[in-house]
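**Student:** Turn this into a structure:
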Amino acid sequence: MLNLSTDERRALRARAHALNPVVAISQNGLSESVLKEIANSLASHELIKIRVFNDDREQREQFLATICQELEAAPVQHIGKLLVVWRPSPENKSASVLPQPKTPGRPRRSRSEPRRTKRSFQGGSGH
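**Tutor:** Predicted coordinates:
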């Protein structure tokens with residue numbers, strides 16, 4: 001099972017917010033075919049949501065632990081009946097989960113610095 005830092009987990013939760021579940025675990029539980037489908041989805045997308053149709057919270061937690069253990073993935077979130085799982089693709093093993101810092105643009109004006117206006121001419125008759 002992969003371990004994530006708090007910042008990495010937060011970034012992955014933000015990315016997963018807009019995702020729809022791609023795999024469902026029904027009353028039959030976590031079968032080999034479901035694990036295979038989860039593995040295929042992780043290979044394609046890295047970050048996936050899984051819907052569990054089960055009312056037992058402890059069993060959903062067990063499903064999440066089993067998935068992460070068997071597929072060498074990291075648990076990102078377990079909220080309600082949704083599980084979020086992440087596994088880096090083989091070519092991106094060294095890539096960071098966190099978004100890269102933005103390149104700095106023009107420096108921002110401090111509050112004590114006067115604003116620059118288009119008309120900076122301060123003389124004449126006012127016309």
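
**Student:** in stretch 37-48, what counts as buried?
**Tutor:** Going by neighbour count (16 or more other C-beta atoms under 10 Å), the buried part of stretch 37-48 is 37, 38, 39, 41, 42, 46, 47, 48. Backbone N, C-alpha and C define where each C-beta goes, glycine included.

**Student:** Quick one: residues contacting the second one.
**Tutor:** The neighbourhood of residue 38, defined by C-beta atoms under 8 Å, 6 or more residues apart in numbering, consists of 23, 48, 50, 67, 71, 85.

**Student:** Repeat that for the first one.
**Tutor:** If you count contacts by C-beta under 8 Å, 6+ apart, residue 37 has them with residue 23.

**Student:** so how far is residue 26 from residue 33?
**Tutor:** Distance, residue 33 to residue 26, using C-beta to C-beta, to the nearest Å: 11 Å.

**Student:** Also residue 56?
**Tutor:** 14 Å.

**Student:** One more: residue 18?
**Tutor:** Separation of residue 18 from residue 26 (C-beta to C-beta): 24 Å.

**Student:** Ok, residue 69 next?
**Tutor:** Per C-beta to C-beta, residue 69 is found 21 Å from residue 26.

**Student:** Which pLDDT value goes with residue 72?
**Tutor:** Per-residue pLDDT puts residue 72 at 94.

**Student:** Equivalent analysis for residue 1, please.
**Tutor:** 81.

**Student:** JSON lines for the buried residues of stretch 37-48, including pLDDT and distance to residue 90?
**Tutor:** Converted to JSON lines, the buried residues of stretch 37-48 look like this (pLDDT from 0 to 100; distance: C-beta to C-beta, whole Å):
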{"residue": "37", "pLDDT": "96", "distance to residue 90": "19"}
{"residue": "38", "pLDDT": "96", "distance to residue 90": "17"}
{"residue": "39", "pLDDT": "96", "distance to residue 90": "13"}
{"residue": "41", "pLDDT": "96", "distance to residue 90": "15"}
{"residue": "42", "pLDDT": "95", "distance to residue 90": "11"}
{"residue": "46", "pLDDT": "94", "distance to residue 90": "11"}
{"residue": "47", "pLDDT": "96", "distance to residue 90": "15"}
{"residue": "48", "pLDDT": "97", "distance to residue 90": "16"}
